[in-house]
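**Student:** can you look at this prediction? I've put the sequence above it.
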Amino acid sequence: MSPEIEAAVQKGLLWLSRNQNPSGSYGSGNAPVATTSIAAMAFLAGGHHPGRSLYGENVKKALGFILKNSARSGYINEGAQRGVGGSGMHGHGYATMFLAECYGVTQETPELDTESLKERLTAAIRVIEQSQAPNGGWNYDPNPSYDEGSVTVTQVQALRAARNAGIKVGMKTIEKAVEYIDKSTDASGQTRYSLTSGGHTSFALTAAGMSVLNFLGAYQNPKIKKGIDFVLTSVPGGGGNNANMGAWGGWYFYGNYYATLATYQAGGPAWEKWWPSISRDLARTQHVTGAWKNGESGQYGDAFGTGFALQILQVPNRYSPIYQRGND
């Protein structure tokens, strides 16, 4: 965490604090559940908890927005169809992870209704468990009729965060998820789009897949090293991983977020190669306002890319349990 990176982080957090909607959400209406959760996680990654510390009120307002969009069934959704303003199970996964991280740090905060938060979080986890496909993956919507890798990753991250916070998660669900990612990843370490339909492999999908195996404790799986070696062929700053790529062209923030988590978990030479490249690229591409306007920000608004960028840059802080190594 060089002075340059720390300055970029503080400038970005200040931008997020000043660009929150009155409702507590982030973004301009396109997938606000996902965008708000991603942005709010950036504050948690800096040690700012609901109602406490410099940006505690921002986190508290974001928490209120997510809870307001939590249905009695447990599904966290904008009430809009995915792709038409709604974020589907992608958003549900990020929102559930955010609730879990909030619950974990607020259990000793008397002024917050932690019991209600626990109930909503538990209900959200049950939605994930009940909508898992027979092969272990998850669909874009909460039904088990199909599976897709990027959705699966967000659900696994939520499950791990909930377990960290003391919420019961069925081991069968976790075992099936590990098997899903393992079968979706070929012998070279590259992860496919879907176990059912196959499809392409990519840097972003492989980075996410390696993160899942780490999240679920499959540290000794030989595919992790091969997958991370593949990820390291696309270090940020050029080739197939550059800051000008939009969401549909490569998922710059999504891919680099999971690649950062995967290489941080691996540690050693992988992290030593990855961290200087991604931190330098993000510092270089930060807008003068403090936001990140490139990549997926073009589709989802500046808070989307900014939230991911700030989470990436604060992984070494180790404030959020979901980002810590197994031996931290």
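**Tutor:** Cool, got the structure.
**Student:** all contacts plus neighbour counts: C-alpha atoms, from now on.
**Tutor:** Will do.
**Student:** tell me the mean pLDDT for stretch 132-144?
**Tutor:** The pLDDT scores in stretch 132-144 average 94.
**Student:** straight-line length of that stretch, end to end?
**Tutor:** 5 Å (Cα to Cα, to the nearest Å).
**Student:** name the residues of that stretch that are buried.
**Tutor:** 132-133, 135-144 (16 or more other Cα atoms under 10 Å).
**Student:** do the same with stretch 121-135
**Tutor:** By neighbour count on 16+ other Cα under 10 Å, the buried set for stretch 121-135 is 121-129, 131-133, 135.
**Student:** which ones among those map onto strands?
**Tutor:** Assigned to strands by DSSP state E, none of those qualify.
**Student:** and the residues you listed as TSV, adding distance to Ala208?
**Tutor:** Converted to TSV, the buried residues of stretch 121-135 look like this (distance: Cα to Cα, whole Å):
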residue	distance to Ala208
Leu121	23
Thr122	24
Ala123	25
Ala124	22
Ile125	20
Arg126	23
Val127	21
Ile128	18
Glu129	20
Ser131	20
Gln132	18
Ala133	19
Asn135	18
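**Student:** out of the residues you listed, what pair is the most spread apart?
**Tutor:** Farthest-apart pair in the buried residues of stretch 121-135 is Leu121 and Asn135; separation 24.5 Å (Cα to Cα).
**Student:** in this structure, which spans are strands?
**Tutor:** Using DSSP E, strands in the chain cover 192-194, 198-201.
**Student:** closest one to Ala80 among those strands?
**Tutor:** strand 192-194 (24.4 Å).
**Student:** packing partners of the closest one?
**Tutor:** Helices and strands touching strand 192-194, by 3 or more Cα pairs under 8 Å, 6 or more residues apart in numbering; DSSP states H and E, are helix 149-164, helix 171-184, strand 198-201, helix 203-215.
**Student:** now with 7 Å?
**Tutor:** Under the contact criterion of 3 or more Cα pairs under 7 Å, 6 or more residues apart in numbering; DSSP states H and E, strand 192-194 touches strand 198-201.
**Student:** shaky segments in the stretch 1-150 of the chain?
**Tutor:** Applying pLDDT under 70 to the stretch 1-150 of the chain flags residues 83-85, 107-112.
**Student:** mind listing what Ala177 touches?
**Tutor:** 136-137 (Cα atoms under 7 Å, 6 or more residues apart in numbering).
**Student:** ignore the last one, Lys223
**Tutor:** Contacts of Lys223 by Cα under 7 Å, 6+ apart are 187, 189.
**Student:** distance check, the closest residue to Trp15 other than its chain neighbours against Arg18.
**Tutor:** In space, and not counting its chain neighbours, Trp15 is closest to Gly290: 5.6 Å by Cα to Cα, 6 or more residues apart in numbering. Distance, Gly290 to Arg18, using Cα to Cα: 11 Å.
**Student:** who's more crowded, those two?
**Tutor:** Applying other Cα atoms under 10 Å to Gly290 and Arg18 shows that Gly290 carries more neighbours, namely 20 against 9.
**Student:** just want the phi and psi numbers for the more buried one.
**Tutor:** The phi and psi values for Gly290, taken as degrees, to the nearest 10, are phi 110, psi -10.
**Student:** thanks a lot, see you next time.
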